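In: no sequence for this one, just the structure:
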């Protein structure tokens, strides 16, 4: 009998803000390996991917800090064997919105349901 398989897809923005609500948002100290193992419930993990909007620096100190923090997060994910895919961030009326992430996740969900 073959082992059940699973696909772990994490919307990074939603994940971060949920952890922030729970006051657990120190992502550079988060044990992603343990989290992914917990989510898989003993199933064979086909792929685990973290989706997030790419921070781009505009030369200001603030955006450079955000950019550097995101690079550290992406390196942390790689240490836990978690792939990442970058969407983009769009500023609208002074508010930053993540774009392109859900569109990248949706086809994977659809194709995995077909298999």
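Out: Structure's in. What do you need? Values in this document were obtained by computation on a predicted structure and should not be read as measured data. Numbers count the residues shown, from 1 in each chain.

In: Just confirm residue 87 is within a strand.
Out: Yes: with DSSP: H, G, I helix; E, B strand; the rest coil as the criterion, residue 87 is part of a strand.

In: That one contacts residue 56, doesn't it?
Out: No: counting by CB atoms under 8 Å, residue 87 stays clear of residue 56, with 11.7 Å between them. Where C-beta positions appear, they are placed from N, C-alpha and C, glycine not excepted.

In: So for these two, which residue has more residues nearby?
Out: residue 87 (20 against 11; other CB atoms under 10 Å).

In: Quick check: pLDDT value at the more buried one.
Out: At residue 87, the model reports a pLDDT of 81.

In: For it, give its distance to residue 13.
Out: Distance, residue 87 to residue 13, by CB to CB, to the nearest Å: 9 Å.

In: Remind me which helix or strand the nearest residue to residue 85 once chain neighbours are set aside belongs to.
Out: Excluding the flanking residues, the one nearest residue 85 by CB to CB, 6 or more residues apart in numbering is residue 51, at 5.1 Å. Of the helices and strands defined by DSSP states H and E, residue 51 is found in strand 44-54.

In: how about the residue nearest to residue 66 when sequence neighbours are not counted, what does it touch?
Out: Across the structure, with CB to CB, 6+ apart as the measure, the residue nearest residue 66 apart from its sequence neighbours is residue 55 (4.7 Å). Residues in contact with residue 55 (CB atoms under 8 Å, 6 or more residues apart in numbering) are 63, 66, 67, 69, 70, 89.

In: Please tell me how far residue 55 sits from residue 65.
Out: Counting by CB to CB, the gap from residue 55 to residue 65 is 9 Å.
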